[in-house]
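Novice: got a sequence here, can you model it:
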Amino acid sequence: MNNIQMGCQSKGGTIWANLNSPVIVMGMHRSGTSLVCNVLERMGLFMGYEKDDNNEATFFLTINKELLKKMNSSWDCPPSREEISSKQTICVEHAAQSLRKKSEKAFWGPMHRSISGEKRKTEKIRWGWKDPRNTFTLPIWREIFPQCKVIHVCRNPFDVAESLRKRELSFLTWRANLKQKWLTISGSPRARSERSIDLQNQANGISLWKMYVQQCLEMGRRFKDDVMRIKYEDLLTSPIASISKMAEFLRLESVGEMELKAITSSFRKQRAYAFLSTKPYPPELQMLSRDPLVKELGYQKILLDSSDSADSSK
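Specialist: The predicted structure follows:
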């Protein structure tokens, strides 16, 4: 029995085997993966029933956490390529077993009973899930779903690091801690993911951004035409073009003008390059503007221009 059959044959039937290949969303934390997930749902994809506060389907989130643990890693201390490769077989077996043994109801909710084991009802369903951890577990999921489509969401390093820093600081408030205790005690799937105190430092956030981006770019080179990269900033400032590209990549029906307006009505363009509205600019601006990763993602010009502007204002 191959990996696909192992992973898709669930204890309740062949629900995974009968489905279309999933859409897997990856990218650094705080890069806009939640926004992309929301857009995909508005475009007709099912992205999970039980979700946490970060819009991550708890079914696959749990498996991803288990996979990282098997690689002696975590979301804020990700595995190296060597670690991923050395644990590939064990992790594929674990993911396949999880698909067979874990209750799919956490992912499918009320849809579970109506589609379980009935191919005619599942073959038209487009589905997927988002989780930044997919960045490092994608090689495992690719073994189980070899025809999956992948969307890599990227965002400039300064806004990512600052968003992480603010989130970590927000966890220190008594209201946040009280809410978290209640969610944890009640067993809510919205209970928050693990904290990372180190990310209260923006430099550490930028370092983590580099690790995720390097892995995402490697996955893009490895799986080529099955990976699409979308910039968070482009989605906010040029939403129609960005959404149309996603629809074409995923072979979805064209999104009508009225639906596009509904999808983008809550977009906040000012969040694109938010660091530009905060002065003084980050001290690492000039150095990072020449980083190869920044150049490959297409952020070099705006960072260089901002760096030059900062220098001229001194």
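
Novice: number of nearby residues for Ser163?
Specialist: Residues within reach of Ser163, counting by other CB atoms under 10 Å, total 19. Quick note: C-beta positions are derived from backbone N, CA and C, even for glycine.

Novice: cool, and Leu164?
Specialist: Neighbour number of Leu164 under other CB under 10 Å is 25.

Novice: remind me what whatever helix or strand it lives in packs against, helices and strands.
Specialist: Using DSSP states H and E, Leu164 sits within helix 157-170. Applying 3 or more CB pairs under 8 Å, 6 or more residues apart in numbering; DSSP states H and E, one finds that helix 157-170 contacts helix 202-223, helix 285-288.

Novice: mind redoing it with 7 Å?
Specialist: helix 202-223 (3 or more CB pairs under 7 Å, 6 or more residues apart in numbering; DSSP states H and E).

Novice: centre of the chain to the helix it packs on, how far?
Specialist: Average the C-alpha atoms of helix 202-223, do the same for its chain, and the two points are 12 Å apart (CA atoms, centre = their mean, to the nearest Å).

Novice: below-threshold pLDDT in the stretch 101-250 of the chain: ranges please.
Specialist: 116-123, 172-194 (pLDDT under 70).

Novice: what angle do helix 202-223 and the helix holding Leu164 make with each other?
Specialist: 120 degrees (axes from the mean of the first three to the mean of the last three CA atoms, to 10 degrees).

Novice: which residue ranges of the stretch 201-314 of the chain form strands?
Specialist: 227-231 (DSSP state E, counting those that start in this stretch).

Novice: follow-up on the earlier one: ok, residues contacting the helix holding Leu164?
Specialist: In this structure, residues lying in contact with helix 157-170 by CB atoms under 7 Å, 6 or more residues apart in numbering are 28-31, 176, 195-197, 199-200, 202, 205-206, 209, 273-275, 282, 288.

Novice: and for stretch 57-72?
Specialist: 47-48, 50-52, 74-75, 79, 83-84, 87, 90-91, 94-95, 98, 102, 106-107, 129, 131, 133-134, 136-137, 140, 189.

Novice: which of the residues you listed are buried?
Specialist: Taking 16 or more other CB atoms under 10 Å as the criterion, what is buried in these is 47-48, 50-52, 75, 79, 83-84, 87, 91, 94-95, 98, 102, 106-107, 129, 131, 133-134, 136-137, 140, 189.

Novice: of these, which belong to helices?
Specialist: Residues of the buried ones among the contacts of stretch 57-72 located in helices (DSSP state H): Glu83, Ile84, Cys91, His94, Ala95, Ser98, Ala106, Phe107, Asn134, Phe136, Thr137, Ile140.

Novice: between those residues, which is closest to Ile302?
Specialist: The closest of those to Ile302 turns out to be Asn134 (CB to CB; 27.0 Å).

Novice: okay, now the domains of this protein?
Specialist: The chain breaks down into these domains under automatic domain parsing: 3-156+225-272, 279-314.

Novice: pick the most buried one from those.
Specialist: Of all the domains of the chain, domain 3-156+225-272 has the most neighbours on average by mean count of other CB atoms under 10 Å, namely a mean of 18.

Novice: gap between that one and the chain center?
Specialist: From the chain centre to the centre of domain 3-156+225-272 is a distance of 7 Å (CA atoms, centre = their mean).

Novice: phi and psi next, for Gln200.
Specialist: Per-residue torsions, Gln200: phi -70, psi -10 (degrees, to the nearest 10).

Novice: how close does it get to Leu67?
Specialist: Look at Gln200 and Leu67: by CB to CB, to the nearest Å, they are 27 Å apart.

Novice: skipping adjacent residues, who's closest to Asn134 in space?
Specialist: Excluding its sequence neighbours, the residue lying closest to Asn134 (CB to CB, 6 or more residues apart in numbering) is Met26, at 4.0 Å.

Novice: that neighbour contacts His152, doesn't it?
Specialist: Yes: here Met26 lies in contact with His152, judged by CB atoms under 7 Å, at a distance of 5.6 Å.

Novice: hey, what's in contact with both of the two?
Specialist: Joint contacts of Met26 and His152 (CB under 7 Å, 6+ apart) are Cys216.

Novice: in JSON lines, list the domains of the chain along with distance to Cys216.
Specialist: Shown next, in JSON lines, are the domains of the chain (distance: least, CB to CB, whole Å):
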{"stretch": "domain 3-156+225-272", "distance to Cys216": "5"}
{"stretch": "domain 279-314", "distance to Cys216": "9"}
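
Novice: how close does Arg30 get to Ser103?
Specialist: In this view, Arg30 and Ser103 are 30 Å apart by CB to CB.

Novice: elements contacting the helix or strand where Thr89 lies?
Specialist: Secondary structure assignment for Thr89, by DSSP H and E: helix 88-101. Using 3+ CB pairs under 7 Å, 6+ apart, the elements in contact with helix 88-101 are helix 3-8, helix 58-70, helix 134-144.
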